[in-house]
Structure formats: C-alpha cells, structure tokens
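Visitor: let's see this in three dimensions:
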Amino acid sequence: MKIVILDAATVTANDISFDCFNEFGEVVAYDLTPEEKLNERISDADMVITNKCVLTATVMEQAKKLYAKTATGNEYAEFMSQNSSK
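Guide: Presented below is the predicted three-dimensional model:
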C-alpha cells in the first residue's frame, strides 16, 4: 500500500512522527503540495492524507481507493455530498 501525505508541514512542526503508518506500507510525505502537483502525487496512492490541500472531485478521481483528511471544512462536506451516490 502506498500512503501519500500531501502537506505534512501543516500537521506537525517536527513534533509528530508519521512512522506509525510504515507498518501499513510505503509512506511518502511532502511538506507542502502545490495545486499543480496534486494529480501527480496521488495518482498511484492507495491512501491520501491531507490537511490543507483542496481535493476536488476531479482530483480525487486520480486516487485509487482511500482518503483521509486531518481537518474538516465546507469543501469536504460538499465533496462528500456530491459523491454520496457513487
């Protein structure tokens, strides 16, 4: 399993380790991900973890299976609402 963390720098100030995810597979953590790199970085991911990146339905279609968000907001609720029938 490939786990991609898109914006690790927004979650931790080097006081939190993502090592706990290593038991589940390969972990690739980016400090920040600009919008133009989103598709490239999640295209072969099994799980995407993000805090601040805005993941539209179009972007999420690039991810294989799973998605985790470390913060919630209106964008997330809107995305889930739009995709609840899929």
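Visitor: the helices in the chain, which residues?
Guide: 38-42, 57-60, 74-82 (DSSP state H).
Visitor: show me where the protein has strands.
Guide: Along the chain, counting by DSSP state E, strands occupy 2-5, 26-29, 47-50, 66-69.
Visitor: mean pLDDT lowest for which of these?
Guide: Ranked by mean pLDDT, those bottom out at strand 66-69, with a mean of 58.
Visitor: coming back round to it: could you identify which of the strands of the chain is most buried?
Guide: strand 47-50 (a mean of 23; mean count of other C-beta atoms under 10 Å). Every C-beta, even on glycine, is put in place using the N, C-alpha and C of the backbone.
Visitor: summarise which helices and strands that one is packed against.
Guide: strand 2-5, strand 66-69 (3 or more C-beta pairs under 8 Å, 6 or more residues apart in numbering; DSSP states H and E).
Visitor: so, low pLDDT: which residues of the chain?
Guide: Across the chain, the ranges flagged by pLDDT under 70 are 62-86.
Visitor: ok, now with 50
Guide: Counting by pLDDT under 50, the chain shows low-confidence ranges at 77-78, 81, 85-86.
Visitor: now do the same contact list for Leu38.
Guide: Applying C-beta atoms under 8 Å, 6 or more residues apart in numbering, we find Leu38 in contact with Leu6, Cys53, Leu55, Val59, Gln62.
Visitor: hmm, 10 Å instead?
Guide: Contacts for Leu38 (C-beta atoms under 10 Å, 6 or more residues apart in numbering) come out as Leu6, Val48, Thr50, Cys53, Val54, Leu55, Thr56, Thr58, Val59, Met60, Gln62, Ala63.
Visitor: and the residue lying closest to Val4 once chain neighbours are set aside, backbone torsions?
Guide: In space, and not counting its chain neighbours, Val4 is closest to Ala45: 4.1 Å by C-beta to C-beta, 6 or more residues apart in numbering. Per-residue torsions, Ala45: phi -80, psi 140 (degrees, to the nearest 10).
Visitor: right, I'll leave it there.
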